[in-house]
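Participant: return a 3D structure for these sequence lines:
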Amino acid sequence: MENDIYSLHFTPGSRISEIDLPARYGVSRNTIREAIAFLIAAGLLVKVANKGVFVRQITSDDVREIFHLRGLLESEAIRLIVQSGTVPNDVMLAAEKLGQIEIADVKAHAAADIDFHEALVRSAGSSRLDRLYGAINAEVKLCIFQSLAFLPIHQNNAVSHMQILQAMNENTPDRAIRLLAEHMVSAIKSYELAYLVKESEE
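Facilitator: Numbers count the residues shown, from 1 in each chain. Prediction:
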């Protein structure tokens, strides 16, 4: 169901009816109820009193808050990784993979971009940081996948990631964190502009 939300099988703002879902997923209604409760807690679905459950529709305000929090957590990951003395190979491989994907392959590029940021946090080796990041990561993905239809992929993503890693390898965490902050601010501005254009066309 989560993947169906990201792929826009369930479109932003659409109502989720637990009656139709057992047949789609081959599970009981109780399992569907549990899944819906989980996805509400993850921020992918919203429950509206007396109306039902709906796919959360991301706004530019949501993007600002979610990406700001994402940046704070990833900055801590950078600090911990540099402090450890070694940038794990997983992060380097994730950055290289993104650089090999054509911009035109929008979904693959978005997935690889997400993989890089997840690898960055995972490689910090902090279970608490992992849990905190996991608490917002579903909403990060929702921001990205809901916007693919109207927000062009940022062509500088791969370069930005490599610059961050270079600063980490050079043992300059402050510079790496500054580059990450610039990366996040650039992303937020792109989202805000895309949402303005989208709203003007509706």
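
Participant: show me what the longest helix seen in the chain is packed up against.
Facilitator: What stands out as the longest helix in the chain, according to DSSP state H, is helix 173-201. Contacts defined by 3 or more CB pairs under 8 Å, 6 or more residues apart in numbering; DSSP states H and E place helix 173-201 against helix 60-84, helix 127-147, helix 157-169. Using the backbone N, CA and C atoms, a C-beta is placed for each residue, glycine as well.

Participant: now with 6 Å?
Facilitator: Applying 3 or more CB pairs under 6 Å, 6 or more residues apart in numbering; DSSP states H and E, we find helix 173-201 packed against helix 60-84, helix 157-169.

Participant: what's the most buried one of the ones you listed?
Facilitator: Most buried of the helices and strands packed on helix 173-201, by mean neighbour count (mean count of other CB atoms under 10 Å): helix 157-169, with a mean of 20.

Participant: next, the angle helix 173-201 makes with that helix.
Facilitator: Orientation check (axes from the mean of the first three to the mean of the last three CA atoms, to 10 degrees): helix 157-169 against helix 173-201 gives 160 degrees.

Participant: packing partners of helix 157-169?
Facilitator: helix 89-100, helix 173-201.

Participant: so that helix versus helix 89-100, what angle?
Facilitator: Following the same axes, to 10 degrees, one obtains 150 degrees for the angle between helix 157-169 and helix 89-100.
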